[in-house]
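One predicted model, sequence on top.
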Amino acid sequence: MKKFILFNWLTNAPLENTYLFNTKIYKTIIFCIIEMVVLLFVINVFKFILFNIIESIFHINLIKYSKPNLKEFIIEIGVLKYYLFAILFAPVYEELMFRAPLKRIKSTIFFSSVSILFYIFFGQHLYDSNLWFILLFIIMNLSIIISMFFKLGTRLQITTRQTIIIFSVFFAFFHLSNFLPMENNYKTFLMPINLLPYFVLGLILSIVRLYRGIIYSIVIHMFYNLFTVLITKN
């Protein structure tokens with residue numbers, strides 16, 4: 001456990017004890033992906049046990065209400081475009097939106113602002129014309145833009161740890177679109193559990209971005225998405 005990035009970060013242990021520092025790039029990438037996969041497996045086991053308990057008590061089928069709408073999305077854009085979107089486009093865009101702003105640098109502020117504004121204007125399509133989700137999306141991303149003009153530890157007195165948590169929450173909520181439309185109460189009830197993996201991934205990628213750089217977080221995000229695409233293609 002002491003070698004895990006997230007464990008050390010949560011316990012305030014020095015990150016130098018993990019493979020995040022002083023290692024070759026391929027070792028950092030491999031270890032981060034392994035850590036993400038392990039954590040995702042643990043979360044899915046927890047979900048499976050919890051869902052089975054709830055199903056046995058209330059006699060409802062929760063599993064079918066918890067799956068992302070991937071099949072519909074793949075049919076809509078095509079398999080090749082889906083692979084390009086998931087492995088190349090999404091990691092770059094999401095890292096620019098949710099991880100690049102963690103450091104207040106002029107270049108990242110510019111690219112992050114452009115990325116976020118682009119998504120704000122296309123939010124209506126992303127959130128299936130749901131007014132409340134569009135409003136949440138706009139508020140969330142405007143908050144990111146505003147936050148880029150405040151240095152950590154000043155004015156708003158936001159620490160690095162708090163910033164990572166906030167941006168990871170934003171990253172998780174951003175993936176609400178994977179589970180829309182919410183045609184029943186079950187999806188609403190399951191949403192915090194379904195978004196938990198994205199929150200955890202957001203934490204790890206944020207730590208990588210701050211302590212190794214945006215290129216590392218993009219590359220790790222790409223390889224992680226490639227892995228998930230390969231294991232879920234069927």
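Great, that's in hand.

from memory residue 32 sits against residue 221, does it?
No - with contact defined as CB atoms under 8 Å, residue 32 does not count as touching residue 221 (9.4 Å). C-beta coordinates here come from the backbone N, C-alpha and C atoms, glycine included.

which strands and helices sit next to the host helix or strand of residue 96?
Take DSSP states H and E as the rule and residue 96 turns out to sit in helix 90-98. Helix 90-98 is packed against helix 106-121, helix 131-147, helix 160-174, helix 185-212, helix 214-232, with contacts defined by 3 or more CB pairs under 8 Å, 6 or more residues apart in numbering; DSSP states H and E.

Please repeat the previous calculation with a cut-off of 7 Å.
helix 106-121, helix 160-174, helix 214-232 (3 or more CB pairs under 7 Å, 6 or more residues apart in numbering; DSSP states H and E).

So for the second one, what gets flagged as buried?
Within helix 160-174, the residues that qualify as buried by neighbour count (16 or more other CB atoms under 10 Å) are 163, 164, 165, 166, 167, 168, 169, 170, 171, 172, 173, 174.

Can you tell me which of those residues is closest to residue 49?
Distance to residue 49 across those (CB to CB) is lowest for residue 172, with 21.2 Å.

what's near enough to touch the closest one?
195, 198, 199, 202 (CB atoms under 7 Å, 6 or more residues apart in numbering).

how does it look with 6 Å?
For residue 172, the contacting residues are 195, 198, 199, by CB atoms under 6 Å, 6 or more residues apart in numbering.

CA atoms of stretch 74-93 as CSV?
Extracted C-alpha coordinates of stretch 74-93, given in CSV (Å, rounded to 0.1, in the frame of the first residue of the first chain):
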residue,chain,number,x,y,z
ILE,A,74,-20.9,3.7,-30.3
ILE,A,75,-23.8,3.1,-32.8
GLU,A,76,-24.3,6.9,-33.1
ILE,A,77,-20.7,7.8,-34.0
GLY,A,78,-19.3,4.5,-35.3
VAL,A,79,-16.7,2.1,-33.8
LEU,A,80,-13.6,3.8,-35.3
LYS,A,81,-14.6,7.2,-34.2
TYR,A,82,-15.4,5.9,-30.8
TYR,A,83,-11.9,4.4,-30.4
LEU,A,84,-10.4,7.7,-31.6
PHE,A,85,-12.6,9.6,-29.2
ALA,A,86,-12.0,7.4,-26.2
ILE,A,87,-8.2,6.9,-26.6
LEU,A,88,-7.1,10.2,-28.1
PHE,A,89,-9.6,13.0,-28.1
ALA,A,90,-11.2,12.5,-24.6
PRO,A,91,-7.9,12.2,-22.6
VAL,A,92,-6.4,15.3,-24.2
TYR,A,93,-9.6,17.3,-23.8
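
which outside residues touch it?
Here stretch 74-93 has contacts from 115, 218, 221, 222, 225, 226, 229, using CB under 6 Å, 6+ apart.

Please, a ChimeraX command that selects the buried ones among the residues you listed?
Here is the ChimeraX command that picks out the buried ones among those, judged by 16+ other CB under 10 Å:
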select :115,218,221,222,225,226
